[in-house]
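A.B. asks: Let's see this in three dimensions:
(4 chains)
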There are 2 protein chains.
Amino acid sequence: MDVRLSEAEWDVMEVLWGSPQPLTATDIDETLSKGDRDWSLATVKSLLSRLLAKQAVAPAKDGRRFLYSPAIEREACVGRESRRLVDRLFGGRLSPLIAQLADDEPLDAEDIAAIEQLLREMKA
Amino acid sequence: MDVRLSEAEWDVMEVLWGSPQPLTATDIDETLSKGDRDWSLATVKSLLSRLLAKQAVAPAKDGRRFLYSPAIEREACVGRESRRLVDRLFGGRLSPLIAQLADDEPLDAEDIAAIEQLLREMKA
DNA sequence: TCGTCGCGATTACATCTGTAATCGAAACGG
DNA sequence: CCGTTTCGATTACAGATGTAATCGCGACGA
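C.D. replies: All right, here's what the predicted structure looks like:
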């Protein structure tokens, strides 16, 4: 049940997570083409097969074809990935991550404010 | 020059980054064995070869064998990986990452204090 | 009815990754 | 001087990944 997604699979899942409706393979391919991914339809279908095997997407028969929808939560996946990285690179501490990223590229005021708000809520 | 490390390679690099001295393959293998990685010496040597090919480590001849030292900065690697994740999963925003991780497992007081300190410095 | 088209499924294939055995040369022990 | 150990280098090999072609079947138009 511990679904690990490759980067290409992530891109497909993001399309599904971003849609209120289940989508066909063709829909997904078209959406991706508008982004920076330029895959052939066949490639998208392969990725969908792998995602089906992992039970990360759920198929619903719609006549002769399938509509796909996500079968796992984006929240959960994002959380797992983030935690892996923080544990691996920063010993589970958030502060060094923040220091690192801020050093690389300064946070904007809005992001800082949001973080402060979060901290206030945590202490409450 | 954009070095991407696999997870196993990371583990080897961590040992090198953690040592003030250059190390032999055997040293590295022993250090790793003390951790949770239980690889054969041959495996460590293979990983070192790959790291050499990527020019992530620098070899120094010491008699019949080599001493290895890191040829890339941990800071830079960690920064790249973190940024990739934050960009990919959180649209480059730090606050949602923090929200996500804090939701998964509450930050401890020390970490919160460190973050507050960072924010103060940023605004200064 | 027959050819074509669209779909999911199957297969392909190079590269990367994890994990290791083996090989050839150098060094060390006796 | 010869056998053994020790290195780095080379080779191995299965599974994951990126990327795609192809196949078989059912649907739809002529």
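A.B. asks: can you list the weak-confidence ranges in chain A?
C.D. replies: A:1 (pLDDT under 70).
A.B. asks: where exactly do the strands run in it?
C.D. replies: A:57-62, A:65-70 (DSSP state E).
A.B. asks: In the last one, which residues are buried?
C.D. replies: Pointing back at strand A:65-70 there. Neighbour counts over strand A:65-70 (16 or more other C-beta atoms under 10 Å in any protein chain shown) mark A:Phe66, A:Leu67, A:Tyr68, A:Ser69, A:Pro70 as buried. Using the backbone N, CA and C atoms, a C-beta is placed for each residue, glycine as well.
A.B. asks: One more: stretch A:105-124?
C.D. replies: Those would be A:Leu107, A:Asp111, A:Ile112, A:Ala114, A:Ile115, A:Leu118, A:Leu119, A:Met122, for stretch A:105-124 by 16+ other C-beta under 10 Å.
A.B. asks: Does that stretch reach chain B?
C.D. replies: Yes. Using C-beta under 8 Å from any C-beta of the partner chain, we find that stretch A:105-124 touches chain B at A:Glu105, A:Pro106, A:Leu107, A:Asp111, A:Ile112, A:Ala114, A:Ile115, A:Glu116, A:Leu118, A:Leu119, A:Met122, A:Lys123.
A.B. asks: Mind checking if stretch A:12-19 is in reach of DNA strand D?
C.D. replies: No. Contact of stretch A:12-19 with DNA strand D (C-beta under 7 Å from any atom of the strand) is absent, the minimum separation being 9.3 Å.
A.B. asks: any idea how far that stretch is from the chain center?
C.D. replies: Its chain's C-alpha centre and that of stretch A:12-19 lie 8 Å apart, by C-alpha atoms, centre = their mean, to the nearest Å.
A.B. asks: Touching that stretch from outside, list them.
C.D. replies: A:5, A:23, A:27-28, A:31-32, A:44, A:47-48, A:51, A:56-57, A:68-70, A:72, A:74, A:77 (C-beta atoms under 8 Å, 6 or more residues apart in numbering or on different chains).
A.B. asks: With stretch A:52-65 instead?
C.D. replies: A:3, A:5, A:9, A:13, A:16, A:22, A:24-25, A:48, A:51, A:66-72.
A.B. asks: Tell me the span between the first and last residue of it.
C.D. replies: 15 Å (C-alpha to C-alpha, to the nearest Å).
A.B. asks: Just checking the distance from that stretch to the centre of its chain.
C.D. replies: Remark: stretch A:52-65 is offset 19 Å from the chain centroid, using C-alpha atoms, centre = their mean.
A.B. asks: ok, and for that stretch, which residues are buried?
C.D. replies: A:Ala56, A:Val57, A:Ala58.
A.B. asks: can you put the residues you listed in JSON lines and add distance to B:Ile98?
C.D. replies: Conversion of the buried residues of stretch A:52-65 to JSON lines gives the following (distance: C-beta to C-beta, whole Å):
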{"residue": "A:Ala56", "distance to B:Ile98": "26"}
{"residue": "A:Val57", "distance to B:Ile98": "29"}
{"residue": "A:Ala58", "distance to B:Ile98": "31"}
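A.B. asks: So which of those residues is the closest to chain B?
C.D. replies: Nearest to chain B among those: A:Ala56, at 15.8 Å, using C-beta to the nearest C-beta.
A.B. asks: roughly how far apart are the closest one and DNA strand C?
C.D. replies: As judged by C-beta to the nearest atom of the strand, to the nearest Å, A:Ala56 and DNA strand C stand 14 Å apart.
A.B. asks: what's the answer for A:Pro59, then?
C.D. replies: Taking C-beta to the nearest atom of the strand, one finds A:Pro59 at 7 Å from DNA strand C.
A.B. asks: and A:Ala71, how many neighbours does it have?
C.D. replies: 16 (other C-beta atoms under 10 Å in any protein chain shown).
A.B. asks: now the helix ranked longest in chain A against helix B:74-90, angle please.
C.D. replies: Of all the segments assigned as helix in chain A under DSSP state H, the longest by residue count is helix A:74-90. Angle, helix A:74-90 to helix B:74-90, by axes from the mean of the first three to the mean of the last three C-alpha atoms, to 10 degrees: 180 degrees.
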